[in-house]
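**Q** Structure for the following, please:
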Amino acid sequence: MLRRHSAIILKSWPNSAAPTPAFAQRTSKALGAGKPAVASMSWRLVLPRKKGLRLKGGGDSIRLGSFFPLLAWDGSDWARDAPTTLAAAEAWTSPTADFDVRVTQPPGLRVLASGRRVGPGRWQARAVRDFTLAAGRFDLITGTARVPGPVRVTVGVEKTAGKRKSPQAFLRSAIASLQRYSALYRPYPWRTYTMVGMADLPEIAGGLEYPTLVYQPAASENAAHETAHQWFYSLVGNDQARYPWLDEGLATWAESAVNGAPPFERATIPPESANRIGQPMSYWDRLDERRYFLGAYLQSYRALLSLGPRPEVDCALRRYVLNPLKPAMPNQRTIYIAANNEPCSCGSPGVACPRRNRCRDGPLRVAARLAQHAP
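**A** Residues are numbered from 1 along each chain as shown. As a prediction, this is how the structure comes out:
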């Protein structure tokens, strides 16, 4: 995807260690709107020796998250947002793409990656925004989620001498979350889902979401939150630098449908975070991760909770997910527009329908109030 009448292909850096947030590669001639182009590049990744969230090197395992240049396209323009300085946050944007990846690993290590394994050392992922993989020594378990079609769920938990949860516990949570969100918003559209528990990830902020694969700390799990990102970020994309609440806030709301409530439900919102739901990452970067979490995650949950009965809010969000007219990268008012253009299927399995005479109008009122929250 290229800018109209432009000869520049823009790619984003995967993390804030890069000297600039993006670089340009010029083509031999200008391209008209809608004209295809093929771009290729060679690059080399040096894994860090120190602990990190997205990238891990050394020890008995590696983790490659956000490790290659992305096509920084938001559906209508180049995404030139600066990287975030908060380690657990994201600030990149990318369209969906098909990935065909070949991996060579040392003997004795297993590879878990986005999409599905289609042959020895070969993985394919279709219509996803990113690709990630981990290699290490994992205890594996598989199961099936019915959404209602079958989805193969794989859980790998790193073998470690330290504290860890059982693979069975991760698997139960992953399947329950997939089935719940599929009933609430729309069926999970991919054939596989993978959850990887790694020993080095911190228990509080160690969850990392990627399409069809998420990471969790081996010692704890919040499968509900990271799985919710398969709908809010992976399926329905957004510019995470400009509108972080659209994926983190909505994932926190969805999480409570499985867990009952988000973490720290009764925490006090600090003054710097209060009434700042719609702020971009450039604002949250001036604060710490705790205030970012309370402002963008928990505060968004509370705002949604204040809009009306939960079934009506979920019905409005279902319209948002299903609406075919929404842009490739929705903005904050898209929820209102989408909710007014997509009929709500209150009779869907797992969706508690409000009173019949409110089934149509209730979600529209919720969507209208939700738009008021969006600056």
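**Q** Which residues does stretch 279-286 contact?
**A** If you take C-beta atoms under 8 Å, 6 or more residues apart in numbering as the criterion, stretch 279-286 is touched by 81-82, 84-86, 89, 91, 240-244, 276, 291-292, 295-296. For glycine as for every other residue, the C-beta is placed from the backbone atoms N, C-alpha and C.
**Q** Of these, which count as buried by neighbour count?
**A** 81, 84, 86, 89, 91, 240-244, 276, 291-292, 295-296 (16 or more other C-beta atoms under 10 Å).
**Q** Among the residues you listed, which are located in helices?
**A** Among these, the members falling in helices (DSSP state H) are 291, 292.
**Q** Closest one of the buried ones among the contacts of stretch 279-286 to residue 121?
**A** Ranked by distance to residue 121 (C-beta to C-beta), those are led by residue 240 at 31.1 Å.
**Q** For that closest one, give me its contacts.
**A** Per C-beta under 8 Å, 6+ apart, neighbours of residue 240: 89, 90, 91, 92, 93, 233, 247, 281.
**Q** from the residues you listed, which is closest to residue 100?
**A** Among the contacts of residue 240, and counting by C-beta to C-beta, the member closest to residue 100 is residue 92, at 21.3 Å.
**Q** follow-up on the earlier one: include distance to residue 270 when you put the contacts of residue 240 into CSV, please.
**A** Below are the contacts of residue 240 laid out as CSV (distance: C-beta to C-beta, whole Å):
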residue, distance to residue 270
89, 17
90, 22
91, 22
92, 27
93, 28
233, 25
247, 22
281, 17
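**Q** Which elements pack onto the lengthiest helix in the chain?
**A** When the chain is parsed with DSSP H, its longest helix is helix 167-184. Under the contact criterion of 3 or more C-beta pairs under 8 Å, 6 or more residues apart in numbering; DSSP states H and E, helix 167-184 touches strand 138-146, strand 150-158, strand 192-198, helix 223-228, helix 245-259, helix 310-322.
**Q** what's the angle from it to strand 150-158?
**A** 140 degrees (axes from the mean of the first three to the mean of the last three C-alpha atoms, to 10 degrees).
**Q** List the buried residues of helix 167-184.
**A** Buried residues in helix 167-184 (16+ other C-beta under 10 Å): 167, 169-184.
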